[in-house]
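Q: just coords:
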């Protein structure tokens with residue numbers, strides 16, 4: 001089947017809840033319709049386990065290309081998987097993999113009570129994957145009618161999302177989808193089980209379970225194998241959306257939010273939770289510096305690439321309160337400066353902002369204006385590329401990347417659709433677009449990992 005365009009329809013975290021805590025509306029994920037061949041090719045493989053799996057050597061497992069782990073937490077209203085506490089604690093201690101939980105739905109138990117039971121058993125645990133409701137006829141009660149079962153599933157979803165502030169993803173097989181899900185819960189993220197590798201799934205899904213009896217040296221028993229239906233970048237954003245706010249305020253109190261991420265049509269958006277912004281000149285910020293939460297190349301660099309000189313940077317600039325003269329670049333049309341805990345954008349060569357930035361121990365640089373005061377500026381290029389911009393939206397500073405290579409005018413259109421008030425171009429291109437951020441577990445996440453050895457300048461956000 002021909003691959004369909006991704007529809008960004010489902011909020012992984014409720015917008016109102018996140019906005020109250022971090023002031024940012026989070027994005028949407030759904031997945032697409034695909035063939036088995038295209039899903040296998042993505043190779044974002046993970047496992048789901050339960051007590052039936054037996055003991056798992058998680059440290060040994062990390063030597064294989066396993067990207068995520070789901071584990072059974074509960075079933076019905078009384079059963080807790082006997083290995084869930086051990087599996088979670090061990091996986092958290094011995095791996096840095098995203099973890100998640102699922103609940104096996106019993107048709108003969110009340111849906112609301114099952115939601116409460118599931119939530120009570122996972123609410124104190126920090127997990128990065130969407131909670132899952134496992135819906136299937138296998139080993140389940142046959143006492144209730146199909147209509148009663150569908151109603152109970154709805155009760156579970158409504159109750160769990162209400163008390164947890166999170167979306168519920170549904171796991172089922174093709175028969176279960178047709179019987180219980182299709183036409184009733186089409187807006188829930190879907191994890192589908194289909195054991196035919198070339199089987200076309202004619203509906204959108206986020207995960208695909210393609211094997212039940214995987215055997216590995218690190219597992220005592222058999223494990224289920226799954227593929228994420230998206231790119232590594234999609235997966236990273238899903239994880240960031242999930243961890244941007246924890247479901248238990250008790251856990252959130254002790255966590256520092258490094259980054260809140262969002263997605264929109266054609267765009268990936270980063271909101272660093274920073275206390276300071278600076279310009280790093282001559283050397284990319286050290287990845288071992290745990291105070292750095294995001295960095296990306298800022299101003300254009302001139303012809304000299306190997307040896308750093310301030311006059312090889314396009315336009316005057318300020319780093320840590322120090323004013324430097326750059327070379328005159330006619331492409332530059334605007335300036336960004338940060339000082340006194342405030343962001344400033346202006347048109348021109350920065351002579352109105354940079355002296356103030358230097359005086360107040362701030363930073364600043366010049367670049368191409370994309371949008372100023374909500375108005376698109378004259379287009380300065382047309383070609384296809386990955387694009388990045390430093391933006392202001394509703395008073396919050398963010399960095400926005402295009403999801404793929406697109407024409408520059410399309411990037412401008414996407415920024416306007418997202419509603420940014422200011423957008424300043426950031427240097428991009430093969431090697432130049434390399435950047436990284438620190439996620440909410442302090443792990444380094446690379447963006448465009450091809451690194452060049454040029455000596456240039458980076459806008460840097462600090463905790």
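A: In hand now; what should we look at? These numbers were taken from a predicted model, which means no experiment stands behind them.

Q: Pull out the buried residues from the helix or strand residue 346 falls within.
A: Using DSSP states H and E, residue 346 sits in strand 342-347. Using 16 or more other Cβ atoms under 10 Å as the test for burial, strand 342-347 gives 343, 344, 345, 346. From N, CA and C alone the C-beta is placed, and that goes for glycine too.

Q: likewise stretch 402-417?
A: Within stretch 402-417, the residues scored as buried using 16+ other Cβ under 10 Å are 402, 403, 406, 407, 408, 411, 412, 414, 415.

Q: And that stretch, how far out from the chain middle?
A: With Cα atoms, centre = their mean, to the nearest Å as the basis, stretch 402-417 stands 19 Å off its chain's centre.

Q: swap in stretch 111-119?
A: Between the centre of stretch 111-119 and the centre of its host chain there is 28 Å, according to Cα atoms, centre = their mean.

Q: swap in stretch 93-104?
A: Remark: stretch 93-104 is offset 17 Å from the chain centroid, using Cα atoms, centre = their mean.

Q: now stretch 359-371
A: Taking Cα atoms, centre = their mean, one finds stretch 359-371 lying 28 Å from the centre of the chain it belongs to.

Q: Quick one: mean pLDDT for it?
A: The average pLDDT within stretch 359-371 is 97.

Q: what about that stretch, start to end distance?
A: Terminal residues of stretch 359-371 lie 27 Å apart, using Cα to Cα, to the nearest Å.

Q: Now do the buried residues in that stretch.
A: 360, 362, 363, 364, 365, 366, 367, 368, 369, 370, 371.

Q: Spell out the secondary structure type for the residue nearest the centre of the chain.
A: In the chain, the residue lying closest to the centroid (Cα atoms, centre = their mean) is residue 237, at 1.5 Å. Here residue 237 is recorded as helix under DSSP: H, G, I helix; E, B strand; the rest coil.

Q: next one: residue 364
A: Of the three states, residue 364 takes strand under three-state DSSP.

Q: sorry, back to before: quick one: which of the buried residues of stretch 359-371 is nearest residue 76?
A: Within those, proximity to residue 76 (Cβ to Cβ) peaks at residue 371, which comes in at 53.5 Å.

Q: Give the residue spans of this structure that score low on pLDDT.
A: 1-43, 197-202, 233, 240-241, 243-257, 304-305, 429-431, 441, 449-453 (pLDDT under 70).

Q: quick one: the helices in the stretch 201-350 of the chain?
A: Applying DSSP state H, counting those that start in this stretch to the stretch 201-350 of the chain gives helices spanning 232-243, 249-253.

Q: sorry, that was for the stretch 1-150 of the chain
A: Using DSSP H, counting those that start in this stretch, the helices of the stretch 1-150 of the chain run over residues 15-22, 36-42, 58-61, 84-94, 111-122, 146-164.

Q: Which one of those lies nearest to residue 314?
A: Nearest to residue 314, of all the helices of the stretch 1-150 of the chain, is helix 15-22, at 33.7 Å by Cβ to Cβ.

Q: Spit out the contact partners of the residue nearest to residue 236 when sequence neighbours are not counted.
A: Leaving aside its sequence neighbours, residue 236 sits nearest to residue 445 (Cβ to Cβ, 6 or more residues apart in numbering; 6.0 Å). By Cβ atoms under 8 Å, 6 or more residues apart in numbering, the contact set of residue 445 is 236, 436, 437, 438, 439.

Q: Quickly note the distance from the second one to residue 443.
A: As defined by Cβ to Cβ, to the nearest Å, residue 436 lies at a distance of 10 Å from residue 443.

Q: of these two, who's got more company?
A: residue 436 (19 against 11; other Cβ atoms under 10 Å).

Q: That one is in contact with residue 295, isn't it?
A: Yes. Residue 436 sits in contact with residue 295 when judged by Cβ atoms under 8 Å, with a separation of 6.5 Å.

Q: Kind regards, and thank you for your time.
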